[in-house]
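Student: I'd like to go over a predicted model; first the sequence, then the structure.
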Amino acid sequence: MSEHHDLFPSNDDAQSVSDRLSAEALIVDVDGFEGPLDLLLTLSRTQKVDLMRISILELAQQYLDFVERAKALRIELAADYLVMAAWLAFLKSRLLLPPDPADEGPSGEEMAAHLAFQLERLQAMRNCAARLMARDQKGRDFFVRGIPENVETVRTVNYTANLLDLMQAYSRIRTRDEFRPFVMDRNDIFTMEEALERMRGLIGFAVDWVDISSYLPDGWGASPMRRRAATASTFAASLELAKAGKVELRQSETFAPLELRRKAQENE
Amino acid sequence: MSEPEVNATDTLFEAPPMGEQERMVEAILFASADPVSVKELNDRMPHGCDAAEALVHLQKRYEGRGVHVMRVGEAWAFRTAGDLGFLMQKETVETRKLSRAAIETLAIIAYHQPVTRAEIEEIRGVTVSRGTIDLLIEMDWIRFGRRRMTPGRPVTFVVTQNFLDHFGLESARDLPGLKELRSAGLLESRPPPVEPTPTDEDEDQTELFED
Amino acid sequence: MSEPEVNATDTLFEAPPMGEQERMVEAILFASADPVSVKELNDRMPHGCDAAEALVHLQKRYEGRGVHVMRVGEAWAFRTAGDLGFLMQKETVETRKLSRAAIETLAIIAYHQPVTRAEIEEIRGVTVSRGTIDLLIEMDWIRFGRRRMTPGRPVTFVVTQNFLDHFGLESARDLPGLKELRSAGLLESRPPPVEPTPTDEDEDQTELFED
């Protein structure tokens, strides 16, 4: 504290020691301020007038002096303090210079009035906060029942169901049997075993290349579903026979008919 | 005790009037988390107070009120008047939908009454929990019917008049048959989900109720 | 439900005499540490009771006593008289010391409610830290109000019943000095003059003050 005395000799000798000390405290405690508005409010108190009659021009100058001194002290001010300083410098110029008729936007007086309003409002809220905290408080000045009795909750549950629920439940049960686990309808299935059986009896005649589609069983070509099943199983059976070395398969090109012929047995 | 100088200054003054002392006892008894003894009252009240006398006045004042000043061992406390104990209960009524297990059981009883538990289980394909039956009996929707004259003489269940009233039926025979249900579009056209739902298990009381 | 006949018979009788109703309200309020709403009182009292009227009588009866009947928003509670706090040092719970920011924020919410965070910041001239709001919510002194129907639909804050209870306020309208502030225009949200505001200052101007 004392070392700041020399750094900040008061420019007004009439100022009391306490005023000078508080002015220095401003600098030292800059972190203690809750933003530029708070600082402005504190500075405004040195004017010792009602906030309604405060000189905004003077206040702006005080703030700018503060920022200057902080700079000289190499105290880093947060950006919002500098933004406020810039704005106040702008406000100051507006208040001092005669208004430019071409200039739109708020006049210096309007801006100053708003700042005064903000300061007054902040001060009012400070006073309110103080009055609020000065009230009798629960648990400090007045007290609640020390032995509260628990209210026993008797809970009753009403279950609801309507006739529709009832009937739907019943239908659900009674129709459950109609939905057996899914089983393949085997009427339209031509199994590979059947195809093998059929082809074994026929391949003896296939000395020359034969389109395997000619091995499809009779009556299976009509419906697409049956034709697919028979084709698939006949194809699978052909592969099986080729694997067993009973037949040879060939296909002249992609998607061309698959042809089959009996494989000559060495020991035959 | 933490501020002995308060007591010291108090001795300079007269004890507060009895009306004030009564107020003090009233406030202390009200706010204390435990019953308070006369000694503790005197300790907490300004010097010269007579808590015992103040208690007599206070007790009289609360005679016939909604709360009484009661002696609890060596200490004193406010207590709710005995005849108002019923106010310390709060009744809440909750409405819930009957669980799938319960509604199915109820439906089977309604359509097949009199029906035994074994028959219900056969139709539903799962065991029926005791809780389900109990709940339906408690709701006065089903009751015991005659025992079946078969080995083991199993009890049967039938629906009650209350059931008929609730569902707006003259008799259980008025329930629509399967064919009518189907024509009314009430039959589900899709098979039930393959995955067994928890309610199908019917093992647990808690599963009685749908969320 | 367990005793449905109780309610049924109650309606057959007249509501209890007002003296009895007063006793009931007294018992219920005494038993609860938290304020009880008139609706809950009526719900818990027998059919036909008028808790609001009983409360008027009860409040009068406790005037000047060691405990008072206090109105807290839409609810009521017994609280010890403020002048007897000195007797209760034992009961005092050490409360957290609130920061200046928290106290001011609380006051602004109380006097300006419903108020948005941006408005609080505009009044205080600094940003409101998340922790401050969180703390006040945690203390159950403020809660979220309705969203403001302005762009961005910002949330607003209002004070809670617990806030009123804590500071012994009947309603937020009874905040000290509220009338004066309103007539002085200090509760209006007055937008700053359209052109340059501190926040949208040009960059080059701030650079004036950089080394």
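Tutor: Cool, the structure landed. Residues are numbered from 1 along each chain as shown, chains lettered A, B, ... in the order given.
Student: which SSE is the most centrally placed residue in chain B in?
Tutor: For chain B, B:Glu91 is the residue whose C-alpha lies nearest the centre (Cα atoms, centre = their mean; 6.8 Å). Applying DSSP states H and E as the criterion places B:Glu91 in strand B:89-97.
Student: re the thing from before, what residue, apart from its backbone neighbours, is nearest the residue nearest to the centre of chain B spatially?
Tutor: Nearest residue to B:Glu91 in three dimensions, chain neighbours excluded: A:Val154, at 4.8 Å (Cβ to Cβ, 6 or more residues apart in numbering or on different chains). To be clear about C-beta, it is placed using only N, CA and C from the backbone, and glycine gets the same treatment.
Student: burial count for that neighbour?
Tutor: If you count neighbours by other Cβ atoms under 10 Å in any protein chain shown, A:Val154 ends up with 13.
Student: Tell me who's in contact with the residue nearest to A:Arg135 when sequence neighbours are not counted.
Tutor: In space, not counting the residues next to it along the chain, A:Arg135 is nearest to C:Phe167; the distance is 4.8 Å by Cβ to Cβ, 6+ apart. Contacts for C:Phe167 were tallied using Cβ atoms under 8 Å, 6 or more residues apart in numbering or on different chains; they are A:Leu132, A:Arg135, A:Asp136, A:Gln137, A:Lys138.
Student: Between the residues you listed, which sits nearest C:Leu181?
Tutor: Nearest to C:Leu181, judged by Cβ to Cβ, of the contacts of C:Phe167 is A:Leu132 at 12.5 Å.
Student: Find the nearest non-adjacent residue to the closest one, please.
Tutor: C:Ala107 (5.5 Å).
Student: just A:Asn127 next, same as before
Tutor: Excluding the flanking residues, the one nearest A:Asn127 by Cβ to Cβ, 6+ apart is C:Gly177, at 7.3 Å.
Student: now that neighbour: how far from C:Ala184?
Tutor: Going from C:Gly177 to C:Ala184 by Cβ to Cβ, to the nearest Å gives 10 Å.
Student: With A:Glu248 instead?
Tutor: In terms of Cβ to Cβ, A:Glu248 sits 108 Å off from C:Ala184.
Student: what do you get for B:Val72?
Tutor: From B:Val72 across to C:Ala184, the span is 55 Å (Cβ to Cβ).
Student: Could you list the buried residues of the helix or strand encompassing A:Arg228?
Tutor: Assigned by DSSP H and E, A:Arg228 belongs to helix A:224-243. Within helix A:224-243, the residues scored as buried using 16 or more other Cβ atoms under 10 Å in any protein chain shown are A:Arg226, A:Arg227, A:Ala229, A:Ala230, A:Thr231, A:Ser233, A:Thr234, A:Phe235, A:Ala237, A:Ser238, A:Glu240, A:Leu241.
Student: any idea how far the nearest residue to the first one once chain neighbours are set aside lies from A:Ala195?
Tutor: In space, A:Arg226 comes closest to A:Trp220 once its chain neighbours are excluded; the distance is 4.7 Å by Cβ to Cβ, 6+ apart. Shown here: A:Trp220 relative to A:Ala195, a distance of 10 Å by Cβ to Cβ.
Student: which neighbours do those two share?
Tutor: Common neighbours of A:Trp220 and A:Ala195 are listed as A:Ala230 (criterion: Cβ under 8 Å, 6+ apart).
Student: so where do the helices sit in chain B?
Tutor: Listed in chain order, the helices of chain B (DSSP state H) span B:4-10, B:18-31, B:38-44, B:51-61, B:100-112, B:117-124, B:130-138, B:161-167, B:178-183, B:198-201.
Student: should've said the stretch 101-250 of chain A
Tutor: Counting by DSSP state H, counting those that start in this stretch, one finds helices in the stretch 101-250 of chain A at the ranges A:108-134, A:163-174, A:192-202, A:224-243.
Student: List the buried residues in the first one.
Tutor: In other words, helix A:108-134. Along helix A:108-134, these residues count as buried under the neighbour rule (16+ other Cβ under 10 Å): A:108, A:111-112, A:114-122, A:124-126, A:128-129, A:132.
Student: cool, the shortest one as well?
Tutor: Of all the residues in helix A:192-202, those buried under the rule 16+ other Cβ under 10 Å are A:Ala195, A:Leu196, A:Arg198, A:Met199.
Student: what's the closest residue to the second one other than its chain neighbours in contact with, if anything?
Tutor: So that's A:Leu196. Once flanking residues are discounted, A:Leu196 sits nearest to A:Ala237: 4.4 Å by Cβ to Cβ, 6+ apart. Neighbouring residues of A:Ala237 by Cβ under 8 Å, 6+ apart: A:Met192, A:Ala195, A:Leu196, A:Arg198, A:Met199.
Student: try 10 Å
Tutor: Residues in contact with A:Ala237 (Cβ atoms under 10 Å, 6 or more residues apart in numbering or on different chains) are A:190-200, A:203, A:212, A:215, A:247.
Student: any weak-confidence spans in chain B?
Tutor: Applying pLDDT under 70 to chain B picks out residues B:1-13, B:178, B:182-211.
Student: Let me know the distance separating the residue nearest to B:Pro176 when sequence neighbours are not counted from C:Ala101.
Tutor: Take B:Pro176 and drop its neighbours on the chain: the residue closest to it by Cβ to Cβ, 6+ apart is A:Met167, 6.4 Å away. Between A:Met167 and C:Ala101 the distance is 65 Å, computed by Cβ to Cβ.
Student: still on that earlier bit, so the residue nearest to A:Arg226 sits against A:Ala229, correct?
Tutor: Yes. Using Cβ atoms under 10 Å, A:Trp220 is in contact with A:Ala229, at 7.5 Å.
Student: Identify the contacts common to the two.
Tutor: In contact with both A:Trp220 and A:Ala229: A:Asp188, A:Phe190, using Cβ under 10 Å, 6+ apart.
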